[in-house]
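K.L.:
Provide a 3D model corresponding to the input given below.
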Amino acid sequence: MTGEARTPEGEAGPLDGLTVVDASRVLVGPFCTMQLGDLGADVIKIERPGVGDQTRGWRPPSYGDTEESAYFLSINRNKRSVTLDFSTDAGREVFRDLVSEADILVENFRVGTMEEWGLGYEDLRAENPGLVYCSLSGYGEWGPHKDRPAYDIMMQAEGGLMSITGEEDGPPVRVGVAIADIGAGMYATQAILAALLHRELGDGTGQKVDVSLLDGQVAWMSYMASNYFATGTPPGRMGSKHPTITPYQAFETRDDYVVVACASEHIWPRFCAAFDLPNLVDDERFATNTDRVENRDALDSILAEELASHTTDEVVSRCRDHDVPVSPVNDMADVFDHPQVGARGMHQTVEHPTAGTVEMAGSPMHFSGTPTSIRRHPPLL
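P.N.:
Sure, this is the predicted structure:
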């Protein structure tokens, strides 16, 4: 096992003392277990001999002249690595020994695979009744499609997200990161923590947790699902626009794009004042948000012409001077040069034995007494 501790003196995360066996790979499982590691758990990542997690080979990009995949490094900090061959009796036996002393197991093999190896929940709970066993899959452990393979782009399409993402007259577009994987990984983390709490408050027994990408994606449809239930009409693509608030979208400026968000009636007159448009405040077509939504096309035309006459910096300055929510459309360079991002510790570095100084996004979870930390670099195989 590899990886050197970097725990700040006196700091221990809220999950300090818990052990996680991470038998997952690619994104959904590793994202979940990275969160558990950030929270202080000791995460033991199980990898295939010789090649490891397949994302180790997902390059370019890689760090400098090394062969360390940027993808792998982004989601595998705070873990140790051990290689095991599940196809052998010896490999499975070592795995059982590890799990017998663990608090949490996370796996994302095809449904039924762990049972075929004799490593299913019922097999392992006999030795460790307190085990919280989390299985992640594309479709879940029951239902007519449980055996189908699944990837993020399929889930974004099948779960409805791509039907509402993209420009109105354009093709469907996936969200630029694997949001179905990440969303399911977040749900898995929540479910694991709830199962741990139930174990601690109950009789000490663990349970099986089943989280699927499709379920998570459907749950994230939230108000778009509700809009469909309320009207019987599936919502469509609107670009960056909001179905029930306007103006709340991106506008093209003289040199780029800018986002404005008039999310309350109090903001609308301030927005009009920022651009010397008092006539819009008095225009009955735009008097209330309901009026503005009903007359969206007319309003969009007026505002698009006005904002296109200013630079992005000018729009941002005018809006902020009038307390109107506004933002430029930042790229990654802008994000990690952002003073608020820096102040919140969301731009972190860790020293890696072959890749040198590795930069990464920090943890968004902040605690007053048990802070998260980066204690281990993403492990060598």
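
K.L.:
residue contacts, residue 354?
P.N.:
Neighbouring residues of residue 354 by CB atoms under 8 Å, 6 or more residues apart in numbering: 66, 67, 68, 380. The way it works is simple: take the backbone N, C-alpha and C, and place the C-beta from them, glycine included.

K.L.:
Just to be sure, it is in a strand?
P.N.:
No: per DSSP: H, G, I helix; E, B strand; the rest coil, residue 354 lies outside any strand segment and is coil.

K.L.:
Skipping its backbone neighbours, what lies nearest residue 256 in space?
P.N.:
residue 312 (4.4 Å; CB to CB, 6 or more residues apart in numbering).

K.L.:
For the stretch 251-381 of the chain, just list every one of the strands.
P.N.:
Residue ranges of the strands in the stretch 251-381 of the chain, as given by DSSP state E, counting those that start in this stretch, are 257-261, 326-328, 347-352, 356-361.

K.L.:
Just give the closest residue to the residue nearest to the spatial centre of the chain, not the sequence neighbours.
P.N.:
Centroid check for the chain by CA atoms, centre = their mean gives residue 182 as the closest residue, at 3.7 Å. Nearest in space to residue 182, with sequence neighbours left out and distances taken as CB to CB, 6+ apart, is residue 31 at 5.7 Å.

K.L.:
From residue 167, how far off is the one you found?
P.N.:
29 Å (CB to CB, to the nearest Å).

K.L.:
Ok, residue 111 next?
P.N.:
37 Å.

K.L.:
Checking my notes, residue 37 in a helix, right?
P.N.:
Yes: assessed with three-state DSSP, residue 37 lies in a helix.

K.L.:
count of neighbours near it?
P.N.:
Applying other CB atoms under 10 Å, we find 28 residues neighbouring residue 37.

K.L.:
just to revisit the earlier point, list the backbone torsions phi and psi for the residue nearest to the centre of the chain.
P.N.:
The phi/psi pair for residue 182 (degrees, to the nearest 10) reads phi -60, psi -40.

K.L.:
re the thing from before, which one's more surrounded, residue 111 and residue 167?
P.N.:
The residue with more neighbours, out of residue 111 and residue 167, is residue 111; 19 against 12, by other CB under 10 Å.

K.L.:
Was I right to think the more buried one contacts residue 143?
P.N.:
No: with contacts counted by CB atoms under 8 Å, residue 111 stays clear of residue 143, the gap being 9.9 Å.

K.L.:
Mind telling me what element residue 33 is part of?
P.N.:
According to DSSP states H and E, residue 33 maps onto helix 28-38.

K.L.:
Heading C-terminal from that helix, find the next helix or strand.
P.N.:
Sequence order places strand 42-47 as the next helix or strand after helix 28-38, per DSSP H and E.

K.L.:
Which secondary structure elements does that next one sit against?
P.N.:
Applying 3 or more CB pairs under 8 Å, 6 or more residues apart in numbering; DSSP states H and E, we find strand 42-47 packed against strand 19-23, helix 28-38, strand 79-83, helix 89-100.

K.L.:
quick one, the longest one and strand 42-47 angle?
P.N.:
Looking back up the chat, that one is helix 89-100. 160 degrees (axes from the mean of the first three to the mean of the last three CA atoms, to 10 degrees).

K.L.:
Give me the contacts around the helix or strand following helix 89-100.
P.N.:
Later in the chain than helix 89-100, the nearest helix or strand by DSSP H and E is strand 104-107. For strand 104-107, the surrounding residues in contact (CB under 8 Å, 6+ apart) are 18-24, 29, 32-33, 36, 41, 99, 114, 124, 131-136, 188, 192, 196.

K.L.:
Strand partners (parallel or antiparallel) of strand 104-107?
P.N.:
strand 19-23 (parallel), strand 132-137 (parallel) (DSSP bridges).

K.L.:
right, so of these, which gets closest to residue 250?
P.N.:
strand 132-137 (33.7 Å; CB to CB).

K.L.:
what's next to the closest one, contact-wise?
P.N.:
Residues outside strand 132-137 that contact it (CB under 8 Å, 6+ apart): 24, 28-29, 32, 103-108, 110-111, 114, 121, 124-125, 141, 146, 150, 184-185, 188, 191-192, 195-196, 199, 206-213.

K.L.:
Just the buried ones among those, please.
P.N.:
24, 28-29, 32, 103-108, 111, 114, 121, 124-125, 150, 184-185, 188, 191-192, 195-196, 199, 206-213 (16 or more other CB atoms under 10 Å).

K.L.:
who touches residue 364 in this structure?
P.N.:
Going by CB under 8 Å, 6+ apart, residue 364 touches residue 346.

K.L.:
Could you report the pLDDT at it?
P.N.:
Listed pLDDT for residue 364 reads 95.

K.L.:
Against residue 372, how distant is it?
P.N.:
For residue 364, the distance to residue 372 equals 9 Å [CB to CB].

K.L.:
From what I see, residue 178 and residue 27 are in contact.
P.N.:
Yes: in this structure residue 178 lies within contact range of residue 27 using CB under 8 Å: 5.5 Å.

K.L.:
Now do the shared contacts for the two.
P.N.:
With CB under 8 Å, 6+ apart, residue 178 and residue 27 have common neighbours residue 152.
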